[in-house]
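A.B. asks: Have a look; sequence and predicted model below, questions after that.
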Amino acid sequence: MDNAIAYKAEQTVTARLQFTVNDGKPLIARVFVPGADLDRRSGTFEWCDVEIHNGRPLADTLDLDREGFQLIRHQSAVGNWYDDAEARRVGYAETEVLLKAITGCSKVVVFDHTPRIDDEALRIERGFRPPATIVHNDFIPESAEQRVRDLLPAGEAEARLKKRFGSINVWRPIKGPVETAPLVVCGYGDMSDEDLIVSERHYPDGRIGRIYNVAFNPAQRWTYFPHMMPDEVVLLKCYDSLTDGAARWTAHGSFQPPDRPVNAAPRESVELRTMVFWD
C-alpha cells in the first residue's frame, strides 16, 4: 500500500513494549470514566526491548483470517471524532458497511468507540484516554460469548453463539501522520497461547470483563505501520469462534519510536470495537 507521505524505509526499529509478568499474581484493572483517572492495576509489568517490524512492505499480503490484522484504505465521513453523537451516527454506520464488505459477515454490532490522545494535558481537558501501553487482546473466549449476550436479545444471542462470530477492532488516526505512540500488533501466528495471561477489567457499572495480557517471549514478532494517516485503518481481530486454523486473535499496544521528531505531534486516534456474526 502506497502511503500519502514519505516515511523511512527501515524494516525494523528497536523500542520498548510493556509486557505482563506471569508470576501468578491477580491481574485486575479498575477502569474509570475516561478523563476522570487512569486505570488502576494490580499485577507485575515489565518493559522489554523488542524489534518492531515495518509492516508497510507486506501490507498488501496481510489477511484478517491468516495474520489476524490488515491495513486498508478507508476515508471516513466523520468530521469530528470527538463529537460522540456524530461518531455514533456516522462512524458506526460506515463501520458496519466496511466490515460486511471486508469479512462477508451478515451482521455487525459496533458497541463502543474510544478516542485516545498521547498528550496528558489535552486528554484530561477533553476527557479521553491515553494510548494503551500494556500489550493485550480485548477478549478471552468466555468474555466474547458474554459480550454477545450483553448486546443481543437472549434468543438471538443463543442462536448467534451456535454459529461463527467474532470481534474486530477498527483503528484509525484522527490526525496524521502518526508520529508518537503508533499502534503495534502481534499476529496470531506470531505468538503462543502460553504467552497469554487472563486479566480482569472492573468497570464503574459493576461489569467485569476479561482480556488477555501478554507475557514477553523473544519468539514473538511485532509489527507497526509507520506514519499512518486518517484515511488508513488497521483491522484487528480480537476474537474468532472458528477453530479450524483461522486467526483467532491478535495482541496490540503502542510504543514510542526512537526516531520520532523532537517536536512530534501527539498521536490522536480512535478505535471502534465491534462484534461480527456470520449466518
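C.D. replies: Looks like it came in fine.
A.B. asks: Now do the same for Pro34: its pLDDT.
C.D. replies: The model reports Pro34 with a pLDDT of 64.
A.B. asks: cool, Pro26 as well?
C.D. replies: pLDDT recorded at Pro26 is 88.
A.B. asks: Now for the protein, the helix or strand with the poorest mean pLDDT.
C.D. replies: Least confident helix or strand of the chain, by mean pLDDT, DSSP states H and E, is strand 40-41 with a mean of 84.
A.B. asks: Show me what that one is packed up against.
C.D. replies: Counting contacts by 3 or more Cβ pairs under 8 Å, 6 or more residues apart in numbering; DSSP states H and E, strand 40-41 is packed against strand 28-30. Just so you know, the C-beta spots here come from the backbone N, C-alpha and C atoms, and that holds for glycine as well.
A.B. asks: just checking, what packs against the strand it packs on?
C.D. replies: Applying 3+ Cβ pairs under 8 Å, 6+ apart, one finds that strand 28-30 contacts strand 40-41, strand 196-202.
A.B. asks: redo that, cut-off 7 Å
C.D. replies: If you count contacts as 3 or more Cβ pairs under 7 Å, 6 or more residues apart in numbering; DSSP states H and E, strand 28-30 packs onto strand 196-202.
A.B. asks: Looking at the strand it packs on now, give me its mean pLDDT.
C.D. replies: Averaged across strand 196-202, pLDDT comes to 94.
A.B. asks: same check, this time on stretch 63-76
C.D. replies: Average pLDDT, stretch 63-76: 98.
A.B. asks: sorry, back to before: in the helix or strand that the least confident helix or strand of the chain is followed by, which residues are buried?
C.D. replies: Sequence order places strand 45-54 as the next helix or strand after strand 40-41, per DSSP states H and E. Neighbour-count burial for strand 45-54, with 16 or more other Cβ atoms under 10 Å as criterion, is recorded at Val50, Ile52, His53, Asn54.
A.B. asks: before we move on, what about stretch 212-226?
C.D. replies: Neighbour-count burial for stretch 212-226, counted by 16+ other Cβ under 10 Å, picks out Tyr212, Asn213, Val214, Ala215, Phe216, Gln220, Trp222, Thr223, Tyr224, Phe225, Pro226.
A.B. asks: got the buried residues of strand 45-54 as a markdown table, with distance to Pro261 and pLDDT columns?
C.D. replies: Listed next are the buried residues of strand 45-54 as a markdown table, based on distance: Cβ to Cβ, whole Å; pLDDT from 0 to 100:
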| residue | distance to Pro261 | pLDDT |
| --- | --- | --- |
| Val50 | 22 | 97 |
| Ile52 | 18 | 97 |
| His53 | 21 | 96 |
| Asn54 | 17 | 96 |
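A.B. asks: Contacts for the least confident helix or strand of the chain next, please.
C.D. replies: With Cβ atoms under 7 Å, 6 or more residues apart in numbering as the test, strand 40-41 has contacts from Ala29, Arg30.
A.B. asks: is it true that Cys238 lies in a helix?
C.D. replies: No. According to DSSP: H, G, I helix; E, B strand; the rest coil, Cys238 belongs to no helix; its state is strand.
A.B. asks: What separation is there between it and Ala246?
C.D. replies: Cys238 sits at a distance of 14 Å from Ala246 (criterion: Cβ to Cβ, to the nearest Å).
A.B. asks: The stretch 1-150 of the chain: helices as residue ranges?
C.D. replies: 84-86, 92-103, 120-126, 141-151 (DSSP state H, counting those that start in this stretch).
A.B. asks: So which of Cys238 and Ala246 has more stuff around it?
C.D. replies: Cys238 (24 against 17; other Cβ atoms under 10 Å).
A.B. asks: Now for that one: which residues touch it?
C.D. replies: Asn137, Asp138, Phe139, Ser167, Ile168, Asn169, Trp249.
A.B. asks: separation between it and Arg73?
C.D. replies: 22 Å.
A.B. asks: helix, strand or coil for Val185?
C.D. replies: With three-state DSSP as the basis, Val185 sits in strand.
A.B. asks: give me the beta-bridge partners of the nearest residue in space to Phe255 that is not next to it in sequence?
C.D. replies: Once flanking residues are discounted, Phe255 sits nearest to Ala15: 4.5 Å by Cβ to Cβ, 6 or more residues apart in numbering. Taking DSSP bridges as the rule, Ala15 bridges to Val50.
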